[in-house]
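Colleague: I'll drop the sequence and a predicted model, then ask my questions.
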2 protein chains.
Amino acid sequence: MTSPIDFWFSIGSPYTYLSVMRIDRFEDLHGITFRWRPFSVRAIMIEMDNIPSRKPAKLAYMWRDIERRAAGSLCDFPRRPPYPLQNFDLANRIAVVGAAEGWCEDYVRATYARWFGLCEEAGCEPNVSASLKEVGQDPARVLALAQSDETGRAYAAATAEAKSLGIFGAPTFVTGGEIFWGDDRLEDAVRWHGKGTLVRR
Amino acid sequence: MTSPIDFWFSIGSPYTYLSVMRIDRFEDLHGITFRWRPFSVRAIMIEMDNIPSRKPAKLAYMWRDIERRAAGSLCDFPRRPPYPLQNFDLANRIAVVGAAEGWCEDYVRATYARWFGLCEEAGCEPNVSASLKEVGQDPARVLALAQSDETGRAYAAATAEAKSLGIFGAPTFVTGGEIFWGDDRLEDAVRWHGKGTLVRR
């Protein structure tokens, strides 16, 4: 079994939705695995003074771009979901707990499916409890863990690690010391992972 | 003959290099044409407070991403070219003259080939004169025109038009009222132009 591709993500990143909903097809097709790495892209973007909501033209484009790319696929969604998230950090701290316990991927898929599919905001009720129950977890237990100092430290450490790798946006795929930013670089990351080059021969 | 896809670009945009060097293949393969529209992406980005050179992680990533995508293709280049351009506006005002006179595309390709291939900075000598001579133009005549008030007004009008369309970056492709930002959306723009959708059936 080869090493996994690191999939760095933050729940709250709209483009991450596209990756979350299609990444398993790459696993099935190419026999590779992804290691799901929640971090706070928001902390890094604020530090870079890169605040999407202050750039209305770019934000309007982002939603239209995501709609176009999702249309007619399993990622299709009926209308624009609530954005930005109020409880961004809580949504991601739950993912940190999930990564330690083995249900991160299922939770992230569930919470994104509710956020985009039902317009139930990730990190808020009813999304949080419904998503956790869906993946077989007790919401009260997980919420206590997610809000613990230990989880806070793990979340901060992951964010520091992302920053040290040169990551500045989500989703980002890392393989062989190379970073690939954006859902639209998922294919590049997979190709690089297998061949160490993007060149088609 | 169908209407063209508008190709909005600024000489100075590194990602635009990839499009400039591959766009003719789409014309050959799909029988579509592009209308080359020079504008000042820098003016719009400054207005949005989006200055790439203040974001070192993003800038480092950009160059690596471009290198990887260019490698092994006709866009391959030996080392990172000078950036940002000192004479950004002059480089683009020459393109405005070229668009009015019919040699814009050839000049842009020539100046990018020298900028990336030879590390001769676009908008500066020897790049400007060599590129103009290469496309059969007299540098002294063109430079006088490029620096005229008339060209300044046309350049400002194009930039205002780009902004009114919602354009915030380069390259951007526009077809059927939809904008597609980035060299990596060239395929999407071509597909949309033909079918009015990205859905693969």
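Modeller: Happy to help now that I have it. A quick note: this is a predicted structure, and the numbers were derived from the prediction, not measured.
Colleague: tell me which element residue A:179 is part of?
Modeller: Secondary structure assignment for residue A:179, by DSSP states H and E: strand A:178-181.
Colleague: for residue A:128, that is, sorry about that
Modeller: Going by DSSP H and E, residue A:128 is part of helix A:127-134.
Colleague: can the strand holding residue A:179 be said to contact chain B?
Modeller: Yes - Strand A:178-181 reaches chain B (CB under 8 Å from any CB of the partner chain) through A:178-181. All C-beta atoms are positioned from the backbone trio N, CA, C, and that covers glycine.
Colleague: those, buried ones only, as a PyMOL selection?
Modeller: Remark: buried members of those, expressed as a PyMOL selection using 16 or more other CB atoms under 10 Å in any protein chain shown:
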select buried, chain A and resi 178+179+180+181
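Colleague: run the chain-centre distance for the strand holding residue A:179.
Modeller: 15 Å (CA atoms, centre = their mean, to the nearest Å).
Colleague: which other residues reach that strand?
Modeller: Strand A:178-181 has contacts (CB atoms under 8 Å, 6 or more residues apart in numbering or on different chains) with A:165-169, A:171-174, A:186, A:188-189, A:192, B:61, B:64-65, B:68.
Colleague: for chain A, which segments are assigned as strands?
Modeller: A:5-9, A:34-38, A:172-175, A:178-181 (DSSP state E).
Colleague: what does chain A have sitting close to chain B?
Modeller: A:48-50, A:54-55, A:57-58, A:60-61, A:64-65, A:68-69, A:71-73, A:163, A:166-169, A:178-181, A:184-185, A:188, A:192, A:197-201.
Colleague: excluding chain neighbours, what is closest to residue A:51?
Modeller: Once flanking residues are discounted, residue A:51 sits nearest to residue A:45: 6.8 Å by CB to CB, 6 or more residues apart in numbering or on different chains.
Colleague: cool, and residue A:60?
Modeller: Per CB to CB, 6+ apart, closest to residue A:60 is residue B:166, 6.3 Å.
Colleague: starting at the chain centroid, how far to stretch A:106-117?
Modeller: That offset, for stretch A:106-117, works out to 10 Å (CA atoms, centre = their mean).
Colleague: now it - C-alpha only, PDB.
Modeller: Extracted C-alpha coordinates of stretch A:106-117, given in PDB (Å, rounded to 0.1, in the frame of the first residue of the first chain):
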ATOM      1  CA  ASP A 106     -17.900  10.300   7.200                       C
ATOM      2  CA  TYR A 107     -18.800  13.300   9.400                       C
ATOM      3  CA  VAL A 108     -17.400  15.800   6.900                       C
ATOM      4  CA  ARG A 109     -19.300  14.300   4.000                       C
ATOM      5  CA  ALA A 110     -22.500  14.200   6.100                       C
ATOM      6  CA  THR A 111     -22.200  17.800   7.300                       C
ATOM      7  CA  TYR A 112     -21.400  19.100   3.800                       C
ATOM      8  CA  ALA A 113     -24.300  17.200   2.400                       C
ATOM      9  CA  ARG A 114     -26.600  18.900   4.900                       C
ATOM     10  CA  TRP A 115     -25.000  22.300   4.400                       C
ATOM     11  CA  PHE A 116     -25.200  22.300   0.600                       C
ATOM     12  CA  GLY A 117     -28.100  20.000   0.100                       C
END
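Colleague: average pLDDT for it?
Modeller: Mean per-residue pLDDT for stretch A:106-117: 98.
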